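Asker: Return a 3D structure for these sequence lines:
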Amino acid sequence: MKELVDFIFLIIIYILKFYKKWKEKGRDVLVVNTTMYIYLSFVLYFTLMPVITSLPFIFNHSYTPMNLVPFIDVLNSRGDFVRQVVLNVIMTIPFGFLIPFIKKENVKLLKIVFYTFLLSLGIELLQPLINGIRSADITDLITNVIGGIIGYVMYLIFKPLATKILNYLKK
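Answerer: Have a look, this model is predicted:
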């Protein structure tokens, strides 16, 4: 239920800050940007929430250092490592797909890798700060970037169809 406070805050930000601005730029921009906003809201839900109700307590626990050994869980067969790897890849596929539509420029793979890396790094560094139970892991960073790359490849495959749909929305 604590996550509800965060979602209400995100809805208020969307309505007061983004909706009108994006709507003025056209339905296509509104649809793409709103889709990215909703996607990122759910990324926050699965990785960081609750944030607002956790803020008063962020210094009440020790900061767990990042695991810097790639795929140690896989190598040691700890936990549900296959599920974690698959979910981390899946989580950033939409990001790699949507970024080229948001940027409205010829986005190359290297930029997708960079943007996905920054998104994942931010999440990984904040997780142990906001929630003392969670920890940061280099494997998550790597698998998130792989997901962004897969999303970008899907963008390249579906770009003609997606562009037709967005052009239809402009009308």
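Asker: buried stuff in stretch 26-40?
Answerer: Buried residues in stretch 26-40, counted by 16 or more other Cβ atoms under 10 Å: 28-30, 32-33, 36, 39. C-beta: built from backbone N, CA, C; applies to glycine.
Asker: so of those residues, which ones are in helices?
Answerer: Counted as lying in helices by DSSP state H, out of the buried residues of stretch 26-40, are 28-30, 32-33, 36, 39.
Asker: can I get the residues you listed in TSV with distance to residue 49 and pLDDT?
Answerer: Shown next, in TSV, are those (distance: Cβ to Cβ, whole Å; pLDDT from 0 to 100):
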residue	distance to residue 49	pLDDT
28	30	94
29	27	95
30	25	96
32	24	96
33	21	97
36	18	98
39	14	98
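Asker: I'd like the residues you listed written out as JSON lines, with distance to residue 13 added.
Answerer: Output for these, formatted as JSON lines (distance: Cβ to Cβ, whole Å):
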{"residue": "28", "distance to residue 13": "22"}
{"residue": "29", "distance to residue 13": "17"}
{"residue": "30", "distance to residue 13": "16"}
{"residue": "32", "distance to residue 13": "18"}
{"residue": "33", "distance to residue 13": "13"}
{"residue": "36", "distance to residue 13": "14"}
{"residue": "39", "distance to residue 13": "15"}
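Asker: Greatest separation within the buried residues of stretch 26-40: which pair is it?
Answerer: 28 and 39 (16.7 Å; Cβ to Cβ).
Asker: In this protein, where's the longest helix?
Answerer: helix 138-170.
Asker: List the buried residues in that one.
Answerer: 139-152, 155, 162, 166.
Asker: After the lowest-mean-pLDDT helix or strand in the chain, which helix or strand is next? Please name it.
Answerer: None of the helices or strands of the chain scores lower by mean pLDDT, DSSP states H and E than helix 72-75, at a mean of 82. Moving toward the C-terminus from helix 72-75, the next helix or strand (DSSP states H and E) is helix 81-103.
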